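J.: here is my input; please provide its structure:
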Amino acid sequence: KELQSSPEVFVSCFGVLIDTKVIKFNIDKVQLKAIELRENYITMTYGKGQKNETMRIFHETTSAQEMIRIAETFRYETGVIPVLVDDK
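T.: Take a look at the predicted model:
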């Protein structure tokens, strides 16, 4: 499901806030399962058991050094080790 506007997005170890929608991790068995960091967007996979949802959050292009910093922050905050994908 794609949103038409550019909502504010906040990500933490507790979940994701997209405008007024909250996706809570580690509540009701919803787990953050995977994170992919790409040059222009972040893909997060989450869900219960075998039922997964994927969300894509677009962002401005960042340097490789900044991507590594973001990956380390995700790893520290969530325990999930992000995959850095180079689309070049």
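J.: tell me which residues touch the most centrally placed residue in the chain, please.
T.: Closest to where the C-alpha atoms of the chain average out (CA atoms, centre = their mean) is residue 44, at 3.8 Å. Each residue near residue 44 by CB atoms under 8 Å, 6 or more residues apart in numbering is listed here: 11, 16, 32, 34-35, 54-57. C-betas here are computed from N, CA, C, even on glycine.
J.: can we see that at 6 Å?
T.: If a contact means CB atoms under 6 Å, 6 or more residues apart in numbering, then residue 44 has 35, 55 as its contacts.
J.: can you list the buried residues in stretch 59-76?
T.: 67, 70-71, 74 (16 or more other CB atoms under 10 Å).
J.: also stretch 38-51?
T.: 38-39, 42-44, 46.
J.: also stretch 18-37?
T.: Counting neighbours by 16+ other CB under 10 Å, stretch 18-37 gives 23, 25, 30-32, 35, 37 as buried.
J.: now those as TSV including pLDDT and secondary structure?
T.: As requested, the buried residues of stretch 18-37 are exported to TSV (pLDDT from 0 to 100; DSSP: H, G, I helix; E, B strand; the rest coil):
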residue	pLDDT	secondary structure
23	89	strand
25	88	coil
30	91	strand
31	92	strand
32	92	strand
35	94	strand
37	93	strand
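J.: please consider this matter closed, and thank you.
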